[in-house]
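K.L.:
predicted model, plus sequence, below.
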Amino acid sequence: MAARKFFVGGNWKCNGTGEDVKKIVTVLNEAEVPSEDVVEVVVSPPFVFLPQVKGLLRPDFSVAAQNCWVRKGGAFTGEISAEMLVNLQVPWVILGHSERRALMGESSDFVADKIAYALSQGIKVIACIGETLEQREAGTTMEVVAAQTKAIAEKISDWTNVVLAYEPVWAIGTGKVATPAQAQEVHDGLRKWLVTNVSPAVAESTRIIYGGSVNGANCKELAAKPDVDGFLVGGASLKPEFVDIIKSATVKSSA
Ligand SMILES: O=C(CO)COP(=O)(O)O
């Protein structure tokens, strides 16, 4: 079975100006990174900068939106539809980010509906899941991420265009990164869940990436874990160290 290609996503969240965007893209465009055969790089600027970034960015990197509407566009003020992303040739979308789950009240069912709709339109999805600190301390981490994954599995039949991003809420933007062992434990649990509840082939081929305070200093140790197939990076994706995170893919290719 084909090895899972390392995946590095940069989630810029609600940050930046047109000037910042130019600076970040310049750094990325000038960086020497492993080839497309070794690592897939996707950056996710705010919607308003998507055309600009897409136009400026090197051709071996691609772009993702940070959200999209749950079904066909129409009278939904303030929303962006999957059809619009298709129209602008935006190949990826991040869905189910914990900030949207927590702040916008997006339930696992709603997230799963969005994922199913985006996939139906031909958009690839970075699907985010993860437990809160309370849930981890209560020992329910696997139950929580399994339930979030189950909601998705009930609504999709083809996982080819899905990357699963495990992002423990307590690690996001806190500087408190999961240890490589903690990440590996959950990724391994998720892969086993996929074996049992979806199929061994999907479990083997689906990339499970880690997000939460990943930076240039901690990425290599995390990348060395067998079930960590890449990263979804927040704060550090706005800085030059994002290039070091992309380069951590070589930990896998030289393994
Ligand atoms: O939420 C994240 C990526 O989607 C992670 O954010 P930080 O890397 O800033 O912790």
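P.N.:
Yep, it's here. Predicted, not measured: the structure shown is a model, and the values here were computed from it. Numbers count the residues shown, from 1 in each chain.

K.L.:
which ones are touching the residue in the stretch 151-255 of the chain positioned nearest to the ligand?
P.N.:
Nearest residue of the stretch 151-255 of the chain to the ligand: G234, at 2.2 Å (C-beta to the nearest ligand atom). Where C-beta positions appear, they are placed from N, C-alpha and C, glycine not excepted. Taking C-beta atoms under 8 Å, 6 or more residues apart in numbering as the criterion, G234 is in contact with N11, K13, I172, G173, G211.

K.L.:
ramachandran angles for the second one?
P.N.:
Its backbone dihedrals place K13 at phi 50, psi -150, with angles given as degrees, to the nearest 10.

K.L.:
coming back round to it: of the contacts of G234, closest to H187?
P.N.:
G211 (11.7 Å; C-beta to C-beta).

K.L.:
what helix or strand is G189 located in?
P.N.:
Element membership for G189, per DSSP states H and E: helix 180-197.

K.L.:
assign the spatially closest residue to A181 that is not a sequence neighbour to helix, strand or coil.
P.N.:
Leaving aside its sequence neighbours, A181 sits nearest to K225 (C-beta to C-beta, 6 or more residues apart in numbering; 7.9 Å). Under DSSP: H, G, I helix; E, B strand; the rest coil, K225 falls in the coil class.

K.L.:
so the residue lying closest to D60 once chain neighbours are set aside, which state does it fall into?
P.N.:
What sits nearest to D60 in space, not counting adjacent residues and going by C-beta to C-beta, 6+ apart, is E36, at 4.8 Å. State at E36, reduced to three classes by three-state DSSP: coil.

K.L.:
got a pLDDT number for E36?
P.N.:
In this model, E36 is scored at 95, pLDDT.

K.L.:
returning to what we had before: now do the residue of the stretch 151-255 of the chain closest to the ligand against G175, distance only.
P.N.:
Here G234 is placed at a distance of 11 Å from G175 (C-beta to C-beta, to the nearest Å).

K.L.:
residue ranges with poor pLDDT in the stretch 1-150 of the chain?
P.N.:
Across the stretch 1-150 of the chain, the ranges flagged by pLDDT under 70 are 1-2.

K.L.:
which positions in it make contact with the ligand?
P.N.:
N11, H97 (C-beta under 6 Å from any ligand atom).

K.L.:
which single residue of the stretch 1-150 of the chain approaches the ligand most closely?
P.N.:
For the stretch 1-150 of the chain, C-beta to the nearest ligand atom, closest residue to the ligand: N11, 3.7 Å.

K.L.:
give me the neighbour count for that residue.
P.N.:
Other residues near N11 come to 26 when the count uses other C-beta atoms under 10 Å.

K.L.:
so in terms of bridging, what pairs with it?
P.N.:
S44 (DSSP bridges).

K.L.:
might one say that it is in contact with A236?
P.N.:
No - at 10.3 Å, N11 does not count as touching A236 under the criterion of C-beta atoms under 8 Å.
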